[in-house]
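1. I'll drop the sequence and a predicted model, then ask my questions.
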Amino acid sequence: MTGAAGGGWRGWREASEEALYGPLGFYRRPEGPAGHFRTSVHASSLFAEAVARLLCRVDETVGHPSELAFVDMAAGRGELVTGVLKALPPDVATRARGCAVERADRPRDLDHRIEWLQEPPEGVTGLLFANEWLDNVPLDIAQVDPDGVRRLVLVGRDGTERLGDPVEGADAEWLDRWWPLPAGEPSEGLRAEIGRPRDAAWTSAVASVGRGLAVAVDYAHTAGARPPFGTLTGFREGRETAPVPDGSCDITAHVALDACALPGARLLTQRDALRALGVSGGRPPLSLATTDPAAYVRALARAGESAELTAAGGLGDFGWLLQPVGFPDVQLP
């Protein structure tokens, strides 16, 4: 592999950190994430409404505190926290504290009642919700060389790669436990994404919750079904592209949510979680088209949005990691 133009070689974790969050990084762009890709938040207001219902369930579980926090991790431009606060019933809304956690600057038109923070607030009671955050926590990549040695993948600013030193220490231990090489198969060229920084980021986020629930929603895989060549990729203007760490595109990789999970956590699909929270893709009865055509059209549109949020092979396959804090669990409605 040849040298990279315009700079030295770095691991993917360091390169992605600068490319995504540096002064000229992708997430500093004025258009925000919505200008490049479509998350569940952008797909339908039904998502925020479902999260609001989950917040209400947390409220019941923790005994209706005087202040109920909703912490939106990696808030983008505040779309989710805005939608959740709007969807809350009045008795909950009057006690709700909306917090958006994001490295980018605060949007000028954001509701002044929403706090804009660099880090999650400490000791809150309520719901911390991280939608497509962990996939953008930078990590290093390991690749097996011709001798069967796992080596760090180095990358240049133009996206060219080469192999570096062997993976050792805590990173090697993480791979041994969470992403071991398949037994009895040729291993040269196999890749793994070293998820240790994501485990630490999630543990830190959960620790900020005094009492309540922390939820991570993301592209995910679990032990026994790790992709043999990894999932590192880029996105720009709605299209998947080669990951190039120059600030021109998003750089993302699926999350080993089972490695992130702390004791007491549950893993389920978005499809199951949203259906439990009242999001169903069922079509409205045809009789409604006769009695109230406008209501039928609205219901049909909501059914289509529900179907997108819960679709197999799409958003419905996302993983939900539910981590209760200070009590055994929160039962979904």
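-> It's in. Numbering: from 1, shown residues only.
2. Start from the N-terminal end of the chain and give the helices.
-> 12-21, 40-43, 45-61, 79-87, 90-93, 169-178, 196-207, 257-260, 270-276, 287-291, 293-309 (DSSP state H).
3. how about these, which one is nearest residue 245?
-> Comparison of the helices of the chain against residue 245 by Cβ to Cβ identifies helix 12-21 as nearest, at 3.8 Å. To be clear about C-beta, it is placed using only N, CA and C from the backbone, and glycine gets the same treatment.
4. That closest one versus helix 196-207: what angle between them?
-> 60 degrees (axes from the mean of the first three to the mean of the last three Cα atoms, to 10 degrees).
5. Report how many residues lie close to the nearest residue to residue 230 once chain neighbours are set aside.
-> Distances taken as Cβ to Cβ, 6 or more residues apart in numbering put residue 191 closest to residue 230, at 4.0 Å, once the chain neighbours are dropped. Using other Cβ atoms under 10 Å, residue 191 has 18 neighbouring residues.
6. tell me the contacts of residue 191?
-> Residue 191 sits next to 141-144, 153, 228-230, 232 when contact means Cβ atoms under 8 Å, 6 or more residues apart in numbering.
7. What of residue 88?
-> Residue 88 neighbours (Cβ under 8 Å, 6+ apart): 52, 55-56, 96.
8. Try it again at 10 Å.
-> 49, 52-53, 55-56, 59, 68, 70, 94-96, 98 (Cβ atoms under 10 Å, 6 or more residues apart in numbering).
9. related to what we said a few turns ago, just among the contacts of residue 191, which is most surrounded?
-> residue 142 (28 neighbours).
10. contacting residues for the closest residue to residue 96 other than its chain neighbours?
-> Nearest residue to residue 96, sequence neighbours excluded (Cβ to Cβ, 6+ apart): residue 68, at 5.3 Å. Listed by Cβ under 10 Å, 6+ apart, the contact partners of residue 68 are 55-56, 58-59, 62, 88, 92-97, 124-127, 212.
11. ok, residue 153 to residue 221 distance?
-> 19 Å (Cβ to Cβ, to the nearest Å).
12. Also residue 103?
-> Taken as Cβ to Cβ, the span from residue 103 to residue 221 is 26 Å.
13. got it, and residue 91?
-> For residue 91, the distance to residue 221 - Cβ to Cβ - is 40 Å.
14. Between those two, which has more neighbouring residues?
-> Neighbour totals were compared for residue 91 and residue 221, and residue 221 leads with 17 against 10 (other Cβ under 10 Å).
15. what number of residues lie near the residue nearest to the more buried one when sequence neighbours are not counted?
-> Sequence neighbours aside, residue 254 is the residue nearest to residue 221 in space, at 5.5 Å (criterion: Cβ to Cβ, 6+ apart). Using other Cβ under 10 Å, residue 254 has 21 neighbouring residues.
16. What pLDDT does the model give residue 254?
-> We have a pLDDT of 97 for residue 254.
17. Dihedrals phi and psi, it?
-> phi -60, psi 160 (degrees, to the nearest 10).
18. returning to what we had before: with distance to residue 331 and pLDDT as extra columns, can I get the contacts of residue 191 in a markdown table?
-> A markdown table is the format used below for the contacts of residue 191 (distance: Cβ to Cβ, whole Å; pLDDT from 0 to 100):
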| residue | distance to residue 331 | pLDDT |
| --- | --- | --- |
| 141 | 39 | 98 |
| 142 | 39 | 97 |
| 143 | 43 | 96 |
| 144 | 44 | 95 |
| 153 | 43 | 98 |
| 228 | 37 | 93 |
| 229 | 39 | 95 |
| 230 | 36 | 96 |
| 232 | 36 | 98 |
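19. Please flag which of those residues sit within strands.
-> 141-144, 153 (DSSP state E).
20. Report the two of those residues separated the most.
-> 141 and 144 (11.4 Å).
21. which neighbours do the two share?
-> Common neighbours of residue 141 and residue 144 (Cβ under 10 Å, 6+ apart) are 151, 167, 191-192.
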